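Engineer: Have a look at this prediction, sequence included:
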Amino acid sequence: MIKKILLVALLPLLSFCGTTSGDGVSVVGNPTSRLVEGDVDSSSSSLSLAKQASSNCVADKVIATDTSGIATTEDISSDCSFAVSLTIDRSYAFSFSLRDQFVASMLFNNNANRFDDSHMVLSSGSTAIRFGRVSFTNRRARPAREPSTQNDRDGDGFFDFDDDDDDNDGTGDENEQDCDLDGIDDSLDRDTRSCDPEDITDSSERLLQVRPRNNPDPSLIDERVDTDEEIRFRTSCQLDRSTVSNDNVIIVAADNPSDIISCEFEFEENDTRVECEHEDDFTVNTTYTAAVQGLRCSNGSSIRSKTWSWATESED
Ligand SMILES: [Ca+2]
Ligand SMILES: [Ca+2]
Ligand SMILES: [Ca+2]
Ligand SMILES: [Ca+2]
């Protein structure tokens, strides 16, 4: 990571040295930060926000937290607009608060063929990232304009949203993994210490990405999973559908073994993506664990077993 930061910091200087007409003074073109701008509604009809709507805007603070946990907080202006200056070449979760009460966290669509992400990438760029109007639904916020349509991480002229390999490392976006399944892709995650070494080094089949996840940012402790949220995972190979069953995908409350969630499975993206729709909602204020085991690819290879957990909202 240090190498990467150094390289990014040096690149503009290197290209500057390569020009013959440079007068040596305008190294201004080496910004290490970039503005992120947007605005929020002045009022909201959303039920869960109605009781908070006595203020001008649905939120009075915006908080951007990078993946090492460093938070930058800015006030939202009385006209409901905001602008946050952030260090480039990192990824950030965004949340909103009103009178120090959590309002919502943002979801981003970073890639057409991936699940929604809690984090956005901030690459270098000469213009601000513009969210436009941020819309709120319960405790989720969404930008009118996705930052992935304004970021070009590898500088190849294609914005991340339209680029099949954002970081130009030869692994397509659809094959990038989240080895610790914490909700943040390896290429953006600043802490992958809990990953199994074999998930990084060997090429056996595995889960690449799972949902739901609680936002790993501890300051977002109120951000919990909705009781009807679907359980989803992506795999590194086309699945043998016959191996995907409620015997092999087991979802159970951590402290109540009889609270078992039974799935109706749906397959998407050439059987590399599974959604578990569950008729019974999750219990509120409960931690669930999903254990995925005994799955096989259509070519017979086995997929490594994995478990992950999430906590549900305190009231529906
Ligand atoms: Ca690109
Ligand atoms: Ca992409
Ligand atoms: Ca890649
Ligand atoms: Ca991760």
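Structural biologist: Happy to help now that I have it. Ligands and ions are numbered 1, 2, ... in the order given.

Engineer: Please count neighbours and contacts with C-alpha atoms only from this point.
Structural biologist: Fine.

Engineer: now the residue nearest to the spatial centre of the chain: how far from ligand 4?
Structural biologist: Computing the C-alpha centroid of the chain and ranking residues by Cα atoms, centre = their mean puts residue 117 first, at 2.4 Å. Per Cα to the ion, to the nearest Å, residue 117 is found 11 Å from ligand 4.

Engineer: likewise residue 108?
Structural biologist: 16 Å.

Engineer: For that residue, list each beta-bridge partner.
Structural biologist: Beta-bridge partners recorded for residue 108 (DSSP bridges): residue 117.

Engineer: What's the local residue count around it?
Structural biologist: Neighbour count of residue 108, defined by other Cα atoms under 10 Å: 21.

Engineer: Distance check, the nearest residue to residue 141 once chain neighbours are set aside against residue 202.
Structural biologist: Excluding its sequence neighbours, the residue lying closest to residue 141 (Cα to Cα, 6 or more residues apart in numbering) is residue 106, at 4.4 Å. Between residue 106 and residue 202 the computed distance is 34 Å (Cα to Cα, to the nearest Å).

Engineer: on that earlier part again, residues in contact with the residue nearest to the centre of the chain?
Structural biologist: Listed by Cα atoms under 8 Å, 6 or more residues apart in numbering, the contact partners of residue 117 are 107, 108, 109, 110, 183, 184.

Engineer: Do I have it right that the residue nearest to residue 141 meets residue 93?
Structural biologist: Yes. The criterion here is Cα atoms under 8 Å, and residue 106 meets it with residue 93 at 7.1 Å.

Engineer: Now the common contact residues for these two.
Structural biologist: Counting by Cα under 8 Å, 6+ apart, the residues touching both residue 106 and residue 93 are residue 118.

Engineer: Neighbour count: the two, which is higher?
Structural biologist: residue 93 (24 against 21).

Engineer: Give the closest residue to that one in space, chain neighbours not counted.
Structural biologist: Distances taken as Cα to Cα, 6+ apart place residue 119 nearest to residue 93, at 4.5 Å, with adjacent residues excluded.

Engineer: Residue 166 too?
Structural biologist: residue 160 (5.2 Å).

Engineer: got a pLDDT number for the one you found?
Structural biologist: Note for residue 160: predicted pLDDT of 94.

Engineer: ok, it - contacts?
Structural biologist: Taking Cα under 8 Å, 6+ apart as the test, what residue 160 contacts is 110, 111, 148, 149, 150, 151, 152, 153, 166.

Engineer: show me where pLDDT drops low in the stretch 151-300 of the chain?
Structural biologist: 216-223 (pLDDT under 70).

Engineer: which stretches of it form strands?
Structural biologist: All strands of the stretch 151-300 of the chain, identified by DSSP state E, counting those that start in this stretch, fall at 207-211, 231-235, 249-253, 256-261, 264-268, 273-277, 287-292.

Engineer: Out of these, which gets nearest to ligand 3?
Structural biologist: In terms of Cα to the ion, the element of those nearest to ligand 3 is strand 207-211, at 13.2 Å.

Engineer: Mind listing residues that contact that closest one?
Structural biologist: Strand 207-211 has contacts (Cα under 8 Å, 6+ apart) with 175-179, 181, 183, 230-236, 303-304, 306.

Engineer: near ligand 2, which residues of the protein show up?
Structural biologist: Selection of the chain residues close to ligand 2 by Cα under 5 Å from the ion yields 111, 160, 161, 163, 164, 166.
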